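Student: curious how this folds, go ahead:
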Amino acid sequence: GLQDVINDVCDEWQALVAAKEQTLRTKMPPSPVKVCGDPGKIALVLNNLLNNAVKFTPESGHIEVSIIHHTGRVAVAVADTGVGIPKEELTRIFDRFYQVEDHLVRHHGGLGLGLAIAKEVVAQHGGRIWAESVVGRGSRFIFTLPLVLDGEY
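Tutor: Numbering: from 1, shown residues only. The predicted structure follows:
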């Protein structure tokens, strides 16, 4: 299920997160959540989102990956207590080659292609991805995936 994918990806990040004195937690329902999708590609999306969360969150910050039900679908959220993203940038960060302002790029190496790739993969799965953020307080990236309905194979 989706929990296994999330746990596997988060386990891979724990060493880096610990090195930055950050905490990475997961919040997921106990019963397995089954989604229509390629586990490897879902892992790629999560890795791209975690890469940004770790990069833009200061030492001793917190990152949380959670599963949320979202109107007949399931959503995965990656929240951080990082630098945040200005409101006017929130939709443009998913564009290919778009870089958030210079000072962020100089300090953090920019967002690169990770979000554009994440957006393409989520779209291939029939889902969508968006960001919510408050500058100075952190960001939350959310993507939806179709649930496997009982009786589907």
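Student: count of neighbours near residue 123?
Tutor: Using other CB atoms under 10 Å, residue 123 has 12 neighbouring residues. (C-beta placed from N, C-alpha, C; glycine too.)
Student: tell me the SS of it?
Tutor: Under DSSP: H, G, I helix; E, B strand; the rest coil, residue 123 falls in the helix class.
Student: how about the residue nearest the centre of the chain: what's its closest non-neighbour residue?
Tutor: Residue closest to the average C-alpha location in the chain (CA atoms, centre = their mean): residue 49, at 3.5 Å. Spatially, and ignoring its direct neighbours in sequence, residue 49 is nearest to residue 78 (4.2 Å; CB to CB, 6 or more residues apart in numbering).
Student: pLDDT below threshold where in the chain?
Tutor: Scanning the chain for pLDDT under 70 picks out the ranges 70, 97-112, 150-153.
Student: mind listing the strands for it?
Tutor: Under the criterion DSSP state E, the chain contains strands at 23-27, 62-70, 73-80, 129-134, 138-146.
Student: packing partners for the third one?
Tutor: By that I understand strand 73-80. Strand 73-80 sits against helix 2-19, helix 39-56, strand 62-70, strand 138-146, with contacts defined as 3 or more CB pairs under 8 Å, 6 or more residues apart in numbering; DSSP states H and E.
Student: neighbouring contacts of the last one?
Tutor: If I follow you right, that is strand 138-146. Residues outside strand 138-146 that contact it (CB atoms under 8 Å, 6 or more residues apart in numbering): 2, 35-37, 42, 45, 49, 52-53, 56-57, 61, 68, 70, 73-82, 84-85, 118, 122, 125-133.
Student: got a PyMOL select line for the buried ones in those residues?
Tutor: Filtering these down to the buried ones (16 or more other CB atoms under 10 Å) takes a single PyMOL command:
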select buried, resi 2+35+37+42+45+49+52+53+56+57+61+70+73+74+75+76+77+78+79+80+81+82+84+85+118+122+125+127+129+130+131+133
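Student: export the helices and strands packed on strand 73-80 to CSV and tack on distance to residue 93?
Tutor: What follows is the helices and strands packed on strand 73-80, written out as CSV (distance: least, CB to CB, whole Å):
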stretch, distance to residue 93
helix 2-19, 21
helix 39-56, 9
strand 62-70, 18
strand 138-146, 9
